[in-house]
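Undergrad: dropping a prediction and its sequence here:
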Amino acid sequence: MRTVIFRTTAPYLTSLMVLFSVFVLLRGHNEPGGGFIGGLIAASAFAIYGIACGVAPVRRALYFHPMGLAGFGLFLSAMSGFVSLAKGVPFLTGIWTSVNLFGVSLDLSTILFFDIGVYFVVVGSITSIALALEERERD
Amino acid sequence: METALAGLVGLFYAVAIYLMLSKHIIRVLLGIVIFGNAVNMTIFTAGRIVREVPPIIPAGAERIESVVANPLPQALILTAIVISFSFFAFLLVLAYRAYQELGTDDTDEMRVAEPEGESLPPLGY
Amino acid sequence: MAAPGATSIDTAAAHIAGATALADWLVIAPVALPILGGALLLMVRHRTRVHAVLAFLFLFASFLSSAFLLARVVSEGPLVMTMGRWLPPFGITFNADVLGATFATAATFVATVAAVFALRDINVTGRRYGFYSFLLLMVAGVDGAFLTGDIFNLYVWFEVFVISSFGLLVLGSERRQIDGATKYAVLNLVATTVFLITTGMLYGTFGTLNMADIARKAEGLRETGPLMTIATLYLLAFGMKAAAFPLNYWLPASYHTPRIVTSALFGGLLTKVGIYALLRTMMTLFPVEREVLSGLIGWIAVATMLLGILGALAQSDVRRIIGFVVISGIGVMLSGLALGTPLGVTGTILYAVHSILVMTALYLLAGLMHEAGGSYSLHETAGLYRSHPLLAAMALLLVLAAAGLPPLSGLWPKVMLVKASIESGAWWLASAILVSSILTVIALGRVFALSFWRMDAGETVERTDAERAISPGAGYGVLAALIVPAIAIGVYPEPFLRLAAAAAAGLADPASYLDAVFPPGGGS
């Protein structure tokens, strides 16, 4: 699989896919998309990078260990449920707020952070499984 | 529509169970994948199939007036797909490791944890 | 729900209007705290030093919260929280009654104690691999299963703890572990898939997944719906999870392969979740169908307890003996479910609590015996009484507890189950319980006699002294922490009996459970 063409294009493909995964994640708020599918796209991006350039560069590029990313996502999702503690409503109730950023009004919600958490859980766990399988192939 | 899907679900179950009865782990895994899909279709069929509009309340209205598709089975299936997907990914790694470590994918020969011909416990001292 | 600026819509018909009291958060704390802890530990996976401390703190906090939850549920009735403010049955409900809170308290207690024992058993590699995060996530799954009031959510929690248990099972990646884990994984996956199939059929029949709502609607659907099929399939799925005969052969194939603390947690917690799910579905949701199935459940119970303990008699590895003893205990618990009388169900619940404590303790005892004698095999261990008298004393107590002899916790539930069987005229069930108890005495008594009393094994064992993070005294302390409640149940059983009876009453007559989810005079 390590042909010159694939190795040259893989980094660009990976970066494009990661960018697209973030787009899908944010789009999921009102239209088809969301954390799970976005996370899968990002995880397959890293898997492609791993197939083309080997597992070690992927781990270096990710910087954090994939399972650490998954842990972060789980933590973020769980914490976004606890925001409702302050409001006196049950766990995981969606709470909305609007912030004004450089003249643009931005609607933020706990649901958004929950979805971002899901994204990280999926990226982390699927990437770590994919990398484990790719590592095995070479020894 | 429901009858056709029910028949298809039954076929899926038959194939899945046939594969899972095999001695070879890889066939068992294939059977499990088909089993998972059969379950998803069961839930989908159980939630009644409606070809109408998506269940979105139009702006300004407070409730849906017309017949809409049931969103709950789809949410259930999505959850089930996610879970069976991660399960399957794990099982794939595990089966591959088992093949590497034990040198076989025949479950009859996987006797490391329960060796054959173990002696009985001492009957006295 | 509407975004700011949009036309405001009256959502009173779909939302819970009142504010949620702070105390209501107790119902999700035993689940949410271990999840947070597990996530946190995954994030700091390289700082293995803090793992044990953090895990202990989170587990202890969830134990405290489940204990408070239990106290509140006992005094004020079932506690309900519906996620996201949706009115039940639309939202996912967490619904703690006495049964769920009791099991959650016992489970978190055992997990907390096991986390301390893991300090001895799990080295830095194991911690870096994520032992403690998997442990916390497994506890979250088990607690979630005990506390949820939604049957699909129950499935999700089953998967959470099954996936985490995979992680624990293959920790170390030895050949034996991979062999055991393959069988465990495939069989458990099939069991949860059958659970999902049944849930799909149940949804098709009832149009709801909220357990209280199902219990409410079951009466009206009894004539037309395939309730018997659903109940039988649940028996199959949960029987497989609980390791009931003839679907129990995954347990002795896998439970002796992982680290001893993992075996202890599996033996203590996982099969009990199956029993809990059986109790919940059979007693609350499908009581009429359980009546029809009771003969079948009774014979399954007899076969499970007798064949389980006969299996234990044929083994020479201590861990495998305990694995078969766990199965035999499942049979005893099923006998109460087969009877279905208040006394029988009370016995089952009390036996489950006893089993959570004692089976964990037995596995940990096996670990300490391995450390002291250098082997798990009965052929090789001997003379531990002389070298480790304290361990011998605790071992004797545990043998008594597991066999159901006074003054330990196994006695009362077995007395109740035997009494309940005789009252119902099921003499065969009563005699099976008694025979299995005698065989348990023989199986575990032999372990004690050979490993502790026998002076010389005739075979020399090479001692491998592994590095231990904490002193052997802490291992004894952990074992003592599990034995003390077992003695308490045995010597002063009244409060525990009352608790189990209250749990059984809540199962048999779910009126207060239903009222908590659907307040009379309000809601749909």
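TA: Nice, I can see it.
Undergrad: which residues touch the residue of chain B found nearest chain C?
TA: Of all residues in chain B, B:Ala46 sits closest to chain C, at 2.9 Å by Cβ to the nearest Cβ. Just so you know, the C-beta spots here come from the backbone N, C-alpha and C atoms, and that holds for glycine as well. The contact partners of B:Ala46, by Cβ atoms under 8 Å, 6 or more residues apart in numbering or on different chains, come to B:Pro73, C:Gly200, C:Met201, C:Tyr203, C:Gly204, C:Thr205.
Undergrad: how far away is the closest residue in space to it that isn't next to it in sequence from B:Val39?
TA: Leaving aside its chain neighbours, B:Ala46 sits nearest to C:Gly204 (2.9 Å; criterion: Cβ to Cβ, 6 or more residues apart in numbering or on different chains). Separation of C:Gly204 from B:Val39 (Cβ to Cβ, to the nearest Å) stands at 13 Å.
Undergrad: can you read off the pLDDT for the residue of chain A most remote from its centre?
TA: The centre of chain A is farthest from one residue, A:Gly88, which by Cα atoms, centre = their mean lies 30.3 Å away. At A:Gly88, the pLDDT value in this model is 76.
Undergrad: quick one: it and C:Thr20 touch, right?
TA: Yes: between A:Gly88 and C:Thr20 there is a contact at 5.6 Å, judged by Cβ atoms under 8 Å.
Undergrad: before we move on, back to that, pull up the gap between the residue nearest to B:Ala46 and chain A, please.
TA: Remark: distance between C:Gly204 and chain A (Cβ to the nearest Cβ, to the nearest Å) = 25 Å.
Undergrad: B:Val28: what's it in contact with?
TA: Counting by Cβ under 8 Å, 6+ apart, B:Val28 makes contact with B:Leu19, B:Met20, B:Ser22, B:Thr107, C:Val186.
Undergrad: looking at those, which has the most residues close by?
TA: Neighbour counts for the contacts of B:Val28 (other Cβ atoms under 10 Å in any protein chain shown) peak at C:Val186, which has 21 neighbours.
Undergrad: which strand or helix spans that residue?
TA: If you go by DSSP states H and E, C:Val186 is part of helix C:175-206.
Undergrad: next secondary structure after that helix?
TA: helix C:211-221.
Undergrad: how far off centre is that next one?
TA: Its chain's average C-alpha position is 26 Å from that of helix C:211-221, according to Cα atoms, centre = their mean, to the nearest Å.
Undergrad: now the helix or strand following that helix: mean pLDDT?
TA: Downstream of helix C:211-221, the next assigned helix or strand under DSSP H and E is helix C:227-241. Across helix C:227-241, pLDDT averages out at 92.
Undergrad: now what about helix C:227-241, what contacts it?
TA: C:158, C:187-188, C:190-192, C:194-195, C:197-198, C:201-202, C:205, C:218, C:221, C:247, C:270-271, C:273-275, C:277-278, C:281-282, C:285-286, C:288-290, C:292-293, C:296-297, C:300.
Undergrad: in chain A, which residue sits nearest chain C?
TA: A:Gly71 (2.4 Å).
Undergrad: what are the ranges of the helices in chain A?
TA: Assigned by DSSP state H, the helices in chain A fall at A:4-27, A:35-53, A:55-62, A:66-87, A:110-138.
Undergrad: C:Gly204 and B:Val39: which has the busier surroundings?
TA: Remark: of C:Gly204 and B:Val39, B:Val39 carries more neighbours, 27 against 19, as counted by other Cβ under 10 Å.
Undergrad: that one contacts C:Phe195, correct?
TA: No: using Cβ under 8 Å, B:Val39 is not in contact with C:Phe195, being 9.7 Å away.
Undergrad: for the stretch 351-500 of chain C, what lies in contact range of chain B?
TA: Among all residues of the stretch 351-500 of chain C, those adjacent to chain B (criterion: Cβ under 8 Å from any Cβ of the partner chain) are C:Leu378, C:His379, C:Ala382, C:Arg446, C:Ala449, C:Leu450, C:Arg454.
Undergrad: for the residue of chain A found nearest chain B, give me its contacts.
TA: Going by Cβ to the nearest Cβ, chain B is nearest to A:Ile129 of chain A, at 4.7 Å. A:Ile129 sits next to B:Ala89, B:Phe90, B:Val93 when contact means Cβ under 8 Å, 6+ apart.
Undergrad: at 10 Å what do you get?
TA: A:Ala43, A:Ala47, A:Pro66, B:Ser86, B:Ala89, B:Phe90, B:Leu92, B:Val93 (Cβ atoms under 10 Å, 6 or more residues apart in numbering or on different chains).
Undergrad: picking that back up, distance to chain A and pLDDT for the residues of the stretch 351-500 of chain C next to chain B - can I get that in TSV?
TA: Output for these, formatted as TSV (distance: Cβ to the nearest Cβ, whole Å; pLDDT from 0 to 100):
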residue	distance to chain A	pLDDT
C:Leu378	38	82
C:His379	37	81
C:Ala382	43	79
C:Arg446	43	89
C:Ala449	46	88
C:Leu450	42	87
C:Arg454	46	81
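Undergrad: any idea which of those is closest to C:Ser421?
TA: Using Cβ to Cβ, C:Arg446 is the member of these that sits closest to C:Ser421, with 27.4 Å.
Undergrad: which residue, other than its chain neighbours, is closest to C:Ala191?
TA: The shortest distance from C:Ala191 to any non-neighbouring residue, by Cβ to Cβ, 6+ apart, is to C:Met240 (3.7 Å).
Undergrad: what does the pLDDT read for the most centrally placed residue in chain B?
TA: Geometric centre of chain B, nearest residue: B:Gly36, 2.1 Å, by Cα atoms, centre = their mean. B:Gly36 carries a pLDDT value of 91.
Undergrad: what is the neighbour count of the residue of chain B found nearest chain A?
TA: Using Cβ to the nearest Cβ, the single residue of chain B nearest to chain A is B:Ala89, 4.7 Å away. Counted with other Cβ under 10 Å, residues neighbouring B:Ala89 total 17.
Undergrad: my guess is C:Phe111 contacts C:Ala61. True?
TA: No, residue C:111 isn't Phe; it's Ala. No: C:Ala111 is not in contact with C:Ala61 according to Cβ atoms under 10 Å; the separation is 11.8 Å.
Undergrad: mutual contacts of those two, please.
TA: Common neighbours of C:Ala111 and C:Ala61 (Cβ under 10 Å, 6+ apart) are C:Pro34.
Undergrad: more neighbours: which of the two?
TA: Between C:Ala111 and C:Ala61, counted using other Cβ under 10 Å, C:Ala111 has the larger neighbour count: 27 against 18.
Undergrad: in which helix or strand would I find the more buried one?
TA: Residue-wise, C:Ala111 maps onto helix C:98-121 under DSSP H and E.
Undergrad: again, but for B:Ile49
TA: Here B:Ile49 sits in a region with no helix or strand, counting by DSSP H and E.
Undergrad: give me the number of residues near the closest residue to it other than its chain neighbours?
TA: Of all residues not flanking B:Ile49 in the chain, B:Met1 sits nearest, at 5.4 Å (Cβ to Cβ, 6+ apart). As a burial measure, B:Met1 scores 10 neighbours (other Cβ under 10 Å).
Undergrad: before we move on, what about the one 3 residues further on?
TA: Here the neighbour count serves as a burial measure; for B:Ala4 (other Cβ under 10 Å) it reads 9.
Undergrad: returning to what we had before: now the residues of the stretch 351-500 of chain C next to chain B in a markdown table, with neighbour count and secondary structure?
TA: Listed next are these as a markdown table, based on neighbours: other Cβ atoms under 10 Å in any protein chain shown; DSSP: H, G, I helix; E, B strand; the rest coil:
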| residue | neighbour count | secondary structure |
| --- | --- | --- |
| C:Leu378 | 23 | coil |
| C:His379 | 17 | coil |
| C:Ala382 | 23 | coil |
| C:Arg446 | 20 | helix |
| C:Ala449 | 17 | helix |
| C:Leu450 | 24 | helix |
| C:Arg454 | 19 | coil |
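Undergrad: which among those gets closest to C:Val162?
TA: Of these, the one sitting nearest to C:Val162 (Cβ to Cβ) turns out to be C:Leu378, at 31.6 Å.
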